[in-house]
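Colleague: Predicted model and sequence below, questions to follow.
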Amino acid sequence: MIKQAIIPLAGLGTRLLPLTSVFAKELLPINGKPGIEYILDECIEAGIKEVVFIISKKKQMIKNYFYNDKFYKKIIKKKKDPRIIKEYKKILKYKKMIRFVYQNKPLGTGDAVLKTQKFIKDKFFLMLLPDDLIIKKNCSKSMINIHNRYKSSVMASMNVKKNTVSRWGIFKLSKKLDKINYLVKDVVEKPSINNAPSNKAVIGRYILPKKIFSKLSKQKPGKGGEIHITDAIQSLIYENNKFVAHIFSGKYLDCGSMNGYIKSSLEIAKL
Ligand code: UTP
């Protein structure tokens, strides 16, 4: 069973500047609720019991958001507002399941993942990239079912338009397991239209094996001088570790770019 999840939150959020110059993007409201709460709700509904947040000193406000008890207690004592009491109880529920670890230099997603090594107990864990919201169907829950069925690592995927492949990590697939699940042969970062092995893109939900840590600890920086999680995944695939690409059926919202962030509130308001 997958019981632990990790969430990298230590990036700079430059695509959302100026909103992110003093504010953590994961706390920005999406239709009146911080983005990170959608991610936590997805985890809880998928049966996750512990979530490790990778933050940095610059993102300390994320920890403060969950550790503001004195403030809430004082306000609740004075106002006894049922809405505030309900919201505080929700924060307390989240807080109970969150552990924090620090990545003070944004050296890449792979480096962020490596920081969680000491917390991970089981053979597999879930990773969610909080910029990628998936609504209407719980993607993590579906992926955990796939993991249980195939005893494999799993990555979320969706079909993208051929002329946009160069914006994504694109799967090279080896075998169709069923209508929505494929065995992964390779992941190609941002290929040109002519070189793209498929139109199936990697989206920010992963079930990864614990052994990825030993790969990451030896990994040299890749493209742009960063330590990428995809490079470690690739070397595991080359060593015949089974990775399944799961075409999820929910709706994807990209909250990491300004256009996507604005659109995501509108989409969620329609639900
Ligand atoms: P991105 O590179 O897509 O987002 O990282 P970013 O760095 O936050 O924002 P931009 O690109 O500057 O606008 C994907 C996820 O990985 C985390 C980010 O916080 C984001 O959730 N991340 C990235 C880390 O935790 N550490 C890193 O070193 C890099």
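Modeller: Cool, got the structure.
Colleague: and this protein, which of its residues are near the ligand?
Modeller: 8-15, 54, 103, 106-109, 111-112, 129-131, 256 (C-beta under 6 Å from any ligand atom). Where C-beta positions appear, they are placed from N, C-alpha and C, glycine not excepted.
Colleague: Show me what counts as buried in the longest helix seen in the chain.
Modeller: Longest helix in the chain, counting residues (DSSP state H): helix 82-97. Neighbour-count burial for helix 82-97 flags 88, 91, 94, 97 (criterion: 16 or more other C-beta atoms under 10 Å).
Colleague: tell me the contacts of the residue nearest to I98 when sequence neighbours are not counted?
Modeller: Once flanking residues are discounted, I98 sits nearest to V51: 5.3 Å by C-beta to C-beta, 6 or more residues apart in numbering. Applying C-beta atoms under 8 Å, 6 or more residues apart in numbering, we find V51 in contact with 4-7, 40, 43, 97-99.
Colleague: If we only consider these, which is nearest to the ligand?
Modeller: I7 (7.4 Å; C-beta to the nearest ligand atom).
Colleague: ok, the closest one - how many residues close by?
Modeller: By other C-beta atoms under 10 Å, the residues close to I7 number 24.
Colleague: Equivalent analysis for the one 10 residues further on, please.
Modeller: Using other C-beta under 10 Å, L17 has 11 neighbouring residues.
Colleague: I180 too?
Modeller: 15.
Colleague: Find me the pLDDT at it, would you?
Modeller: If you check I180, the pLDDT there is 95.
Colleague: Could you check how far it is from the ligand?
Modeller: Using C-beta to the nearest ligand atom, to the nearest Å, one gets 25 Å for the distance from I180 to the ligand.
Colleague: Does that residue touch S249 like I think?
Modeller: Yes - counting by C-beta atoms under 8 Å, S249 is a contact partner of I180 at 7.4 Å.
Colleague: sorry, back to before: can you tell me which of the residues of the chain next to the ligand end up in strands?
Modeller: 8, 54 (DSSP state E).
Colleague: For PyMOL, write the select line for the buried members of the residues of the chain next to the ligand.
Modeller: Per 16+ other C-beta under 10 Å, the buried members of the residues of the chain next to the ligand correspond to this PyMOL selection:
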select buried, resi 8+9+10+11+13+15+54+103+106+107+108+109+111+112+129+130+131+256
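Colleague: any idea which helix or strand carries S192?
Modeller: In this structure, S192 sits in neither a helix nor a strand according to DSSP states H and E.
Colleague: Surely it touches S166?
Modeller: Yes - S192 is within contact range of S166, at 5.8 Å (criterion: C-beta under 8 Å).
Colleague: out of those two, which sits in the busier spot?
Modeller: Applying other C-beta under 10 Å to S192 and S166 shows that S166 carries more neighbours, namely 13 against 9.
Colleague: what are the phi and psi values for the residue of the stretch 1-150 of the chain found nearest the ligand?
Modeller: In the stretch 1-150 of the chain, no residue comes nearer to the ligand than G11, which is 2.3 Å away by C-beta to the nearest ligand atom. The phi/psi pair for G11 (degrees, to the nearest 10) reads phi -70, psi 170.
Colleague: just the buried members of the contacts of V51?
Modeller: Buried, going by 16+ other C-beta under 10 Å: 4-7, 40, 43, 97-98, out of the contacts of V51.
Colleague: In JSON lines: these, plus distance to I144 and pLDDT.
Modeller: Shown next, in JSON lines, are these (distance: C-beta to C-beta, whole Å; pLDDT from 0 to 100):
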{"residue": "Q4", "distance to I144": "12", "pLDDT": "98"}
{"residue": "A5", "distance to I144": "10", "pLDDT": "98"}
{"residue": "I6", "distance to I144": "15", "pLDDT": "98"}
{"residue": "I7", "distance to I144": "16", "pLDDT": "98"}
{"residue": "L40", "distance to I144": "16", "pLDDT": "98"}
{"residue": "C43", "distance to I144": "10", "pLDDT": "98"}
{"residue": "M97", "distance to I144": "16", "pLDDT": "98"}
{"residue": "I98", "distance to I144": "19", "pLDDT": "98"}
